[in-house]
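Chemist: 3D model of this:
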Amino acid sequence: MSSPNIIARKAHSDGYTCLAFSADGTHAFTGGSDCAVRIWKVAEGAEQEPGNATDAEQPVTTLAASDDYWLSGSEDGYVRRYIKNKDELHGDVTEEAALCVRCIALDEHGTRLAVSSDNTSAKVINMENTLKLTTLHGHRHNVRKASWRPKSSILSTCASDGEMIFWDLSGEEPMILHTIDGIIPSVTDPSSPEFLHDCSAVWHPSGEQFYIISKTHDVVCISGKDWTQLGKFVDKEVIGTTTALAVSPNGAYLATACQSTVFIWTTDKRQVISKQSVNPGTVITQIAFSPKEHLIAWTDASGNFVRWREPIPLNLPNSVKRLSGATTSSSKSKSDAPQGVDLFGESNGLSLDDVEGFEDLADPTPGEGGVDFDIDDADFVIDDVGNYLEDKSSRTRDKDHGLVKEMVSITKAQPAFQPGATPFQGNKRFLAYNMLGVIEATRSEQEEYNLVNVDFFDKSARKSYHFNDTHKCYLAYLGERGALFSSDTLVLYKPYGSWTTSQNDWTYLLRRVNTKVLGICAGGTTPSRSLKSNSDNDLMGFGNIVVATSEGHLIFLSGTGRERRILALGGDFVTMVAGDEWVMVVYRAGATTIDGSQSLCYKLYHFDDLSVRQRDELPIPKGHTLKWIGITQEGAPVIYDSAGLVHLVAKYRVPHHATWVCILDTNLLERKTGKDESYWPIGISGSTFMCLILKGRQEYPGFPRPLVQELPLRMPFNTPNEKEEEIERELLFKDLAMESLDGNELATDDILSKERAIDKEFVVLIQGACKEDNVNRAVELTKLLHNLQTFDIVAKIADFYHLVGFREKVMVLKRIREDSEDRFEAAREKRRRWNKIDTRPQRLPDVDVNGSSSRSKAFQDFGPPPAIYRPGLTRATPSVEGTKYSSSVSEPPSEDTWSESLSTSTNLLSSEKRKRNDFEGVEIESQIDFNTSMPPPPPKQKANPFARKPAAEIHKNPFARKAGNKTVLQSESFFEKVDAAETTPAKSKKKSNNFTKNKEKDKAEGPRQQTLFGLFGANQNGDKKGSTKRKTGLTPPPDEPESQASDVTMADASQIETQPDGWEETQLIDDES
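Modeler: Have a look, this model is predicted:
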């Protein structure tokens, strides 16, 4: 104030103020919240009496001037035109239907006026004929600022959501050239102080670049050709929020306002050359250079109007003098500089002449006028629309520098948010809004606490209440078993149905320093009765609590406050929602991508064992964000994004088999045709989308609380047949209901009714397919039927249309369905397999180097002990015993065994009581022939001769011939001897006589007493050989009686066994008793 170059004057009352210079620079116009416009003569001092234009009924928000007139816009929605440099009203230019006019901008010729108001569209009015206007549609939120590009017909508009659109108005219809999103701050609340800050694009006089205030409150320079960022204006003395800026008429200087201080920068080197502070503590709302004089003027929120003469140091050119060469070529040097060559370096803003004139100048450092540019701060997305300025190739090689030019854009990461929450609108906000009810928070007048109101839609099940929140919780969640609240470090849980206000309430405190709560949720089973009062009969408890922290942890708590587990999320938390038995957590595992993707993923944790049942990426389109997450009536997770799409997680109960299904596209709703509205989701009940309708630029629901609207779900199918879409949607929800059944449940009445309704719709489609003679489609639909009775109805349809082949296929399908397993039981078994836990893998035995299993060591073999064979405890089973010559022996005996057997036989022959000289010769001769002609006999089998025989053999005729061509002891039979005598004539006479004598002697003396074994052997062999009369070639001894076979030892009796086929038999060797 003490400087003679500063002229300050109180012009308006406290509030927002605006400023504009006349085209000739002789007058300045200021407007403010007092609904008046002051007209100042720039040449006069502070003591002058300005002119007053008091035609506005509400505060003046914007001013503009041309060679012939000046304009004002106010909150009453009018744009008024006045006579040049006078307070005389000429007339109204336009009216915005009671919407506040935020900005008016004239082009350099003064022939076109751009008007922005609290509307999503902007107007361009022809000042020669105000009835001719052009409406610009493209913004999703209200347009805050507008500015013209010099020497062109390009208009830039800035919306409250941070989106900038550049329009080409050279043709009959406006065309969008380019869109930049995310670089300027998003401020939608007009009462917010930041809403009054300048967000317009301030163009350089050359039109090659413009300057804007970014969301980081820094001034950024952006090229007007390829829309890339050229650099930032950074200095260590500039601390705080930049609220306004302006460019000098010659383009050499840039003025920025940071709180109450004005800084003057050079546009080429981006260095601070001068600064001035007049009224400390005030916020400068608008600043401007005089178009004809070396002067800067500004207004602040205290209503002051300040002029600063000769703000540029004397050793530098002033702000209005046209410069040549080094000084004026800053914009040209930036635009002509090869793209990609140190784009964000300090020397990029210098002209070629400047570089030559300052060859010995050291590189400036940050804070001393240099540029400390960090690409991470360039947090905006560049979206080309229409390919108007798109290069022929996205990558071009510069011939002079041999470098590659690429345009780099960075996507802003979506911050963490709580589903159903809104920011404060005045002194009220929603903390939670879902299908159960609403949690509202109201600031107290003393701001010592918040009044929290918990209101339920179904008041018969839960009781609404309110309380004073001294913790000022800003996060809340309305669960099935209780309401959850949280501040930065404290968590408060209030279960439903407490006998007293705080009987079951509990708190949980984060004790780690610099740890903050980012999200909360409360899950639990749906109660089967009213929760108005507490009862010990309900054993389901108070549910489960999950808290997400800034350290990337998920804290799981029980409904009573018991801390269960702390899990690492493995990414940046975004949001979460809880169901009956799970919690779905959305997070960002890495960074966002250049093409606009948020790279969001989710995990589904089960409350019982805290295992991850599902994990996948979120199906959010590029360039869009997640708006809401919730659960359906069937318990399935569902999301809603900024693109207007609703996705549902199908098969969420099948571990690692979940899929995303798009069930609604709000852009295709019939009610949205010709309307500017958006939707605030609350939940999904059956086939109904429950939401709140937001009109125009409204982003959050306001107060009083709007009514909940019901919109039908429609899967965005491309087929025109709506019936097919409806059936597929019903099948989807029916499958979800089937998957939610318990392990022992087969079906419910609701599921059965849904199946019957779906079958009716299938019958209609099958009838249509039969009518069109589309048998393949009819068969395909028949396979999808649920009830067997429906197959009969389809068969009647086939008969009606005389489709015999189709009817046969229907009946075949019916028989297959009848023979197959019950589908409900099969579904139940499948659900059981889903939840079955695999057994623990068993330890394999150690293997030595040779690959064979090594002997188990003591106390190291954990397998089951081997079974002990106890033959004494086994039950005896009857079996037929054979002789040592039986074919049942798998291997022939060894030579040692046969030798031992032969020696034993020899000993037995030598110890016989009876003399059998003649027979021994025949026997030895037969044995020699047998050994030379046949292989060695099988080994001797030891068996119990007294083993119990099967019942069938007890009553068997002992004289009956056995099956097969096998004989036993043929040499001892009577008929064999007779055959042998007949076949040997030389010896037949003697043997016959002896045999006859013996027979006669036996007749006279009677039969001799025989043993049991002798009787068995003689009778059996005699019977068999008598019937077969096989010749063996052996001659019985001459004096041997017939009863010789009765002298058989006990050991030989056990050797009776069937011989193999083709073996010749010898006589049984008797053992001397």
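Chemist: which other helices and strands contact the host helix or strand of residue 64?
Modeler: Secondary-structure element containing residue 64, defined by DSSP states H and E: strand 60-65. In this structure, strand 60-65 makes packing contacts with strand 18-21, strand 27-31, strand 69-74, strand 101-106, judged by 3 or more Cβ pairs under 8 Å, 6 or more residues apart in numbering; DSSP states H and E. All C-beta spots, glycine's among them, are computed from the backbone N, C-alpha and C.
Chemist: How about residues contacting the helix or strand containing residue 732?
Modeler: Remark: residue 732 resides in helix 722-739, with elements defined by DSSP H and E. With Cβ atoms under 8 Å, 6 or more residues apart in numbering as the test, helix 722-739 has contacts from 632, 634-636, 648, 650-654, 661, 663, 686-687, 713-715, 717, 719, 747-748, 750-751, 754-755, 757-758, 761-762, 764-765, 827, 831.
Chemist: quick one, what contacts residue 469?
Modeler: Contacts for residue 469 were tallied using Cβ under 8 Å, 6+ apart; they are 441, 449-452, 485.
Chemist: Over to residue 224?
Modeler: Residue 224 makes contacts with 149, 203, 207-210, 335, as judged by Cβ under 8 Å, 6+ apart.
Chemist: And the buried ones among those, selectable in PyMOL?
Modeler: Only the buried members of the contacts of residue 224 end up in this PyMOL selection, burial being decided by 16 or more other Cβ atoms under 10 Å:
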select buried, resi 149+203+207+208+209+210+335
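Chemist: Return the subset of the contacts of residue 224 lying in strands.
Modeler: In strands, defined here by DSSP state E, the members of the contacts of residue 224 are 203, 209-210.
Chemist: Name the residues that touch the strand holding residue 64?
Modeler: Surrounding strand 60-65, the residues in contact under the criterion Cβ under 8 Å, 6+ apart are 16, 18-23, 27, 29-33, 35-37, 70-75, 100-106, 113.
Chemist: What of stretch 698-713?
Modeler: So stretch 698-713 is in contact with 141, 161, 188, 422-423, 425-426, 428, 430, 433, 438, 440, 646, 663-664, 666, 669, 671, 678-680, 682, 684, 687-694, 729, going by Cβ under 8 Å, 6+ apart.
Chemist: Test of understanding: give the bridge partners of residue 453.
Modeler: Taking DSSP bridges, one finds residue 440, residue 466 as the beta-bridge partners of residue 453.
Chemist: That one - how many residues pack around it?
Modeler: Counted with other Cβ atoms under 10 Å, the neighbours of residue 453 add up to 17.
Chemist: show me the contacts for it.
Modeler: By Cβ under 8 Å, 6+ apart, the contact set of residue 453 is 438-442, 464, 466.
Chemist: Just put the ones in strands among the contacts of residue 224 in TSV and tack on distance to residue 788 and pLDDT.
Modeler: TSV is the format used below for those (distance: Cβ to Cβ, whole Å; pLDDT from 0 to 100):
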residue	distance to residue 788	pLDDT
203	76	93
209	76	92
210	74	93
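Chemist: which among these gets closest to residue 493?
Modeler: Proximity of the ones in strands among the contacts of residue 224 to residue 493, judged by Cβ to Cβ, is greatest for residue 210, which lies at 51.9 Å.
Chemist: ok, the closest one touching residue 201?
Modeler: Yes. Here residue 210 reaches residue 201: they are 4.4 Å apart, a contact under Cβ atoms under 8 Å.
Chemist: Counting neighbours, which of the contacts of residue 453 comes out on top?
Modeler: Of all these, residue 439 has the most neighbours under the rule other Cβ under 10 Å, reaching 25 neighbours.
Chemist: Looks like it contacts residue 454 (just checking).
Modeler: Yes. Using Cβ under 8 Å, residue 439 is in contact with residue 454, at 5.4 Å.
Chemist: Convert the C-alpha atoms of the longest helix along the chain to CSV, please.
Modeler: Ranked by residue count under DSSP state H, the longest helix found in the chain is helix 749-771. Extracted C-alpha coordinates of helix 749-771, given in CSV (Å, rounded to 0.1, in the frame of the first residue of the first chain):
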residue,chain,number,x,y,z
ASP,A,749,-41.2,-73.3,-3.6
ASP,A,750,-39.9,-70.1,-5.1
ILE,A,751,-37.5,-72.1,-7.4
LEU,A,752,-40.1,-74.5,-8.5
SER,A,753,-42.5,-71.7,-9.3
LYS,A,754,-39.8,-70.0,-11.3
GLU,A,755,-39.1,-73.2,-13.3
ARG,A,756,-42.8,-73.6,-14.1
ALA,A,757,-43.0,-70.0,-15.3
ILE,A,758,-39.8,-70.4,-17.4
ASP,A,759,-41.2,-73.7,-18.9
LYS,A,760,-44.3,-71.8,-20.0
GLU,A,761,-42.2,-69.2,-21.8
PHE,A,762,-40.2,-72.0,-23.4
VAL,A,763,-43.4,-73.6,-24.7
VAL,A,764,-44.3,-70.3,-26.4
LEU,A,765,-40.9,-70.1,-28.1
ILE,A,766,-41.1,-73.8,-29.1
GLN,A,767,-44.5,-73.2,-30.7
GLY,A,768,-43.1,-70.2,-32.6
ALA,A,769,-40.1,-72.4,-33.8
CYS,A,770,-42.5,-75.1,-34.9
LYS,A,771,-44.6,-72.6,-36.7
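Chemist: Check which helices and strands it sits against.
Modeler: Judged by 3+ Cβ pairs under 8 Å, 6+ apart, the packing partners of helix 749-771 are helix 722-739, helix 775-782, helix 788-800.
Chemist: Contacts made by that helix with the rest, please.
Modeler: Contacting residues not belonging to helix 749-771 are listed as 723-724, 726-727, 730-731, 733-734, 737-738, 775, 777-778, 781-782, 784-787, 790, 793-794, 797-798, 800-801, 803, 806 [Cβ under 8 Å, 6+ apart].
Chemist: just to revisit the earlier point, and which of the contacts of residue 224 is nearest residue 54?
Modeler: residue 203 (32.6 Å).
Chemist: For the nearest residue to that closest one once chain neighbours are set aside, give me its contacts.
Modeler: With Cβ to Cβ, 6 or more residues apart in numbering as the criterion, residue 203 has its nearest non-adjacent residue at 4.6 Å, and that residue is residue 210. With contact taken as Cβ under 8 Å, 6+ apart, residue 210 is in contact with 147, 149, 156, 201-204, 221-222, 224.
Chemist: now those residues as JSON lines including distance to residue 237?
Modeler: Converted to JSON lines, the contacts of residue 210 look like this (distance: Cβ to Cβ, whole Å):
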{"residue": "147", "distance to residue 237": "28"}
{"residue": "149", "distance to residue 237": "31"}
{"residue": "156", "distance to residue 237": "30"}
{"residue": "201", "distance to residue 237": "25"}
{"residue": "202", "distance to residue 237": "21"}
{"residue": "203", "distance to residue 237": "26"}
{"residue": "204", "distance to residue 237": "24"}
{"residue": "221", "distance to residue 237": "19"}
{"residue": "222", "distance to residue 237": "24"}
{"residue": "224", "distance to residue 237": "29"}
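Chemist: if we can go back for a sec, which among the contacts of residue 469 end up buried?
Modeler: With neighbours counted by 16+ other Cβ under 10 Å, the contacts of residue 469 contain buried members at 441, 450, 452, 485.
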